[in-house]
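Undergrad: I would like to see how this sequence folds:
(2 chains)
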Amino acid sequence: MSIFFVIPMLIVLTYAFLTKGTYGGVQMIFTLKNFNVFFDPIFLKVLFRTIYISVIVTFFTVALAIPTAYYIARSKYKQELLILVIIPFWTNFLIRIYAWISILGSNGFLNTILIKLGIIETPLKLLYNTGSVVLITVYTSLPFAILPLYAIIEKFDFALVEAARDLGATNRQAFFKVFLPNIKSGIVTAVLFTFIPAMGSYAVPRLVGGTQATMLGNIIAQHLTVTRNWPLASAISAMLILVTSVALLIFMRSEKKSKEVSDE
Amino acid sequence: MNKRKTSLFFFTLSMIFFYLPLLILVAYSFNEGRSSAWQGFSLKWYKELFLYSDNIWKAFKYSLIIGIISSTTSTLIGTLGAIGLHWYNFKHKKYLKVITFLPLVIPDIILGVSLLIMFATIKLELGLTSIFIAHTTFNIPFVLFIVLSRLGEFDYSIVEAAYDLGANEMQTLKKIILPMLTPAIISGFLMSLTLSFDDFVTTFFVAGPGSSTLPLRIYSMIRLGVSPVVNALSVLLIVLSIALTLSTKSLQKYFVK
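TA: Predicted structure coming up:
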């Protein structure tokens, strides 16, 4: 059943230790050379940029998603409001990127308006930088963060907050000591659903990142299709698998813990 | 209460953030001119989309075919797999569960890269078949997950009752388990269909020349420069996703009742 998933991963892991053939392809020679890339300063720069962008994206997405999910869960019209989140969630991913290109582009909506209003004379360069990658990745991942948060906040018993208030907790204390710990597993899921796809971003940096915001995914694709150095692409992919697996392990551990807490 | 206002503020912010770009796209799709300056109302981009865009419709057709075949296959495998995982105990079940859920969280690009390398290793020519395999691969875990969570809330005594009344394993599966799972199976299928229709990254790696699905076509249109036909196409897809969301909701209501 999971054969189609496990076997390709194993092949990638194997390839990471093989040598690049002279004309593309691979030679069956064992080597650790591919891992030298992790000491290459250019590669390291991209790696750190990828982590940096993913962390910022995760922060903004989850920070926006918590109050939004809270509002929906507490509303009388939660079914209807939830639909408002699901529609962008089901709208084609590229269309959502494209919508932002038509807003931020040099002939885009924003520049046209600013020029008409006489605020600027020449179009601002709003696309092809780290900022546009962050903005658009937040945009595409927001529904993925809202939905798990909504699911857990909806189940949360708000009488607990009232109890805390009755026992003399301030609003702030009730929020940080009662509400947040109880929705922790939802937050962890939201973080995971945002952080991991962001780490593997390919389309967003490719379309709106320019040369400034190349990410790990773009490097992998480049080695795969342009330089045809498959072992190197595999080595980088293997590292990405490692990072996401570690994130997943942390997630499972925290799930277990929160289960133990609720069982007690 | 203060908290209510704060959350309303953020909620409104999110909604503006979600919908403003989409509304601007909708507005542009009716714009006469090519650029973003408004030059009057026109349906010419829709005309061009529906009458002169064979490439788009061919890609649409491929997406539809792959979407339907791969969601059917993955719904079948995923449902049976979920029942198997839930009801039968075997060695290393816990690890198998983790492995089946891994694709849910691993980045698309990893799946794309690994499948591409595997197809090259087994010398499978890239094309519709490779896209079909890829889509089925990433759809199965979603179906499995949805069906498994439904099985988790399932009252097992009904199954025992069926056995007590003399039903055999096959009869129980057909008459008790499958009907109870229907809503989950339907949502699994719709989820797969959407994912398959929407997937860009994995498909990008495993598609061969001449087998562009709709997202691949949109990607190349965006990269080649902004053609207003994309605006019209976007509106069509947005309308489609609204219709799908609403119909899923009413389907769910129908079954929950």
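Undergrad: for chain A, just list every one of the strands.
TA: All strands of chain A, identified by DSSP state E, fall at A:19-20, A:26-27.
Undergrad: check the gap between the residue of the stretch 1-150 of chain B found nearest chain A and residue A:193 for me.
TA: Distance from chain A to each residue of the stretch 1-150 of chain B (CB to the nearest CB) is smallest for residue B:107, at 2.2 Å. Glycine gets a C-beta too; all of them are placed from N, C-alpha and C. For residue B:107, the distance to residue A:193 (CB to CB, to the nearest Å) stands at 11 Å.
Undergrad: same check, this time on residue B:15
TA: 20 Å.
Undergrad: worst mean pLDDT among the strands of chain A?
TA: Lowest mean pLDDT of the strands of chain A: strand A:26-27, a mean of 68.
Undergrad: residue B:15 and residue A:193: which is more packed in?
TA: Neighbour comparison, residue B:15 and residue A:193: the larger count goes to residue A:193, with 24 against 16 (by other CB atoms under 10 Å in any protein chain shown).
Undergrad: which residues touch that one?
TA: A:141, A:144, A:145, A:148, B:105 (CB atoms under 8 Å, 6 or more residues apart in numbering or on different chains).
Undergrad: by neighbours, which of those residues wins?
TA: Counting by other CB under 10 Å, top hit in those: residue A:145 with 29 neighbours.
Undergrad: next, count neighbours for the closest residue in space to residue B:158 that isn't next to it in sequence.
TA: Distances taken as CB to CB, 6 or more residues apart in numbering or on different chains put residue B:176 closest to residue B:158, at 6.0 Å, once the chain neighbours are dropped. Neighbourhood size, residue B:176 [other CB under 10 Å]: 17.
Undergrad: for residue B:48, same thing?
TA: 15.
Undergrad: what's the answer for the one 5 residues further on, then?
TA: Applying the criterion other CB under 10 Å, we find 20 residues in the vicinity of residue B:53.
Undergrad: how about it, what does it touch?
TA: Residue B:53 neighbours (CB under 8 Å, 6+ apart): residue B:229.
Undergrad: helix or strand right after the helix or strand containing residue B:48?
TA: Assigned by DSSP states H and E, residue B:48 falls within helix B:44-51. Using DSSP H and E, the next helix or strand after helix B:44-51 towards the C-terminus is helix B:54-87.
Undergrad: helices and strands of the chain: which one bottoms out on pLDDT?
TA: Went with chain A since none was named. Sorting the helices and strands of chain A by mean pLDDT, DSSP states H and E puts strand A:26-27 at the bottom, at a mean of 68.
Undergrad: actually chain B
TA: helix B:93-105 (a mean of 74).
Undergrad: just checking, what packs against it?
TA: helix A:3-15, helix A:184-199, helix A:230-263, helix B:54-87, helix B:128-152 (3 or more CB pairs under 8 Å, 6 or more residues apart in numbering or on different chains; DSSP states H and E).
Undergrad: surely residue B:68 meets residue B:197?
TA: No - using CB atoms under 8 Å as the test, residue B:68 is too far from residue B:197 to be in contact (9.7 Å).
Undergrad: who has more neighbours, the two?
TA: residue B:197 (24 against 15).
Undergrad: the residue nearest to residue A:199 when sequence neighbours are not counted: neighbour count?
TA: The shortest distance from residue A:199 to any non-neighbouring residue, by CB to CB, 6+ apart, is to residue A:54 (5.0 Å). Neighbour count of residue A:54, defined by other CB under 10 Å: 23.
Undergrad: next up, the contacts around residue A:54.
TA: Taking CB under 8 Å, 6+ apart as the criterion, residue A:54 is in contact with A:195, A:198, A:199, A:201.
Undergrad: again with residue B:246
TA: residue A:83.
Undergrad: now the nearest residue in space to residue A:88 that is not next to it in sequence: which helix or strand?
TA: Of all residues not flanking residue A:88 in the chain, residue B:18 sits nearest, at 4.6 Å (CB to CB, 6+ apart). Element membership of residue B:18, judged by DSSP H and E, is helix B:2-29.
Undergrad: just list what that helix packs against, helices and strands only.
TA: Partner elements for helix B:2-29 (3+ CB pairs under 8 Å, 6+ apart): helix A:41-74, helix A:78-90, helix A:93-104, helix A:130-155, helix B:228-256.
Undergrad: of those helices, give the one that comes closest to residue A:244.
TA: helix A:41-74 (10.9 Å; CB to CB).
Undergrad: list the buried residues in the closest one.
TA: By neighbour count on 16 or more other CB atoms under 10 Å in any protein chain shown, the buried set for helix A:41-74 is A:43, A:46-47, A:49-51, A:53-54, A:56-58, A:60-62, A:64-74.
Undergrad: if we can go back for a sec, how close does the residue of the stretch 1-150 of chain B closest to chain A get to residue B:79?
TA: 26 Å.
Undergrad: go on, residue A:65?
TA: From residue A:65 to residue B:79 the distance is 31 Å (CB to CB).
Undergrad: quick one: the closest residue to residue A:135 other than its chain neighbours and residue A:126, what's the gap?
TA: Distances taken as CB to CB, 6+ apart put residue A:100 closest to residue A:135, at 7.1 Å, once the chain neighbours are dropped. Here residue A:100 is placed at a distance of 9 Å from residue A:126 (CB to CB).
Undergrad: for the residue of the stretch 151-264 of chain A found nearest chain B, which non-adjacent residue is spatially closest?
TA: Closest approach between the stretch 151-264 of chain A and chain B, counting by CB to the nearest CB: residue A:200, at 2.2 Å. In space, and not counting its chain neighbours, residue A:200 is closest to residue B:107: 2.2 Å by CB to CB, 6+ apart.
Undergrad: so the one you found makes contact with residue A:195?
TA: No - distance between residue B:107 and residue A:195: 10.2 Å, which falls outside the contact criterion (CB under 8 Å).
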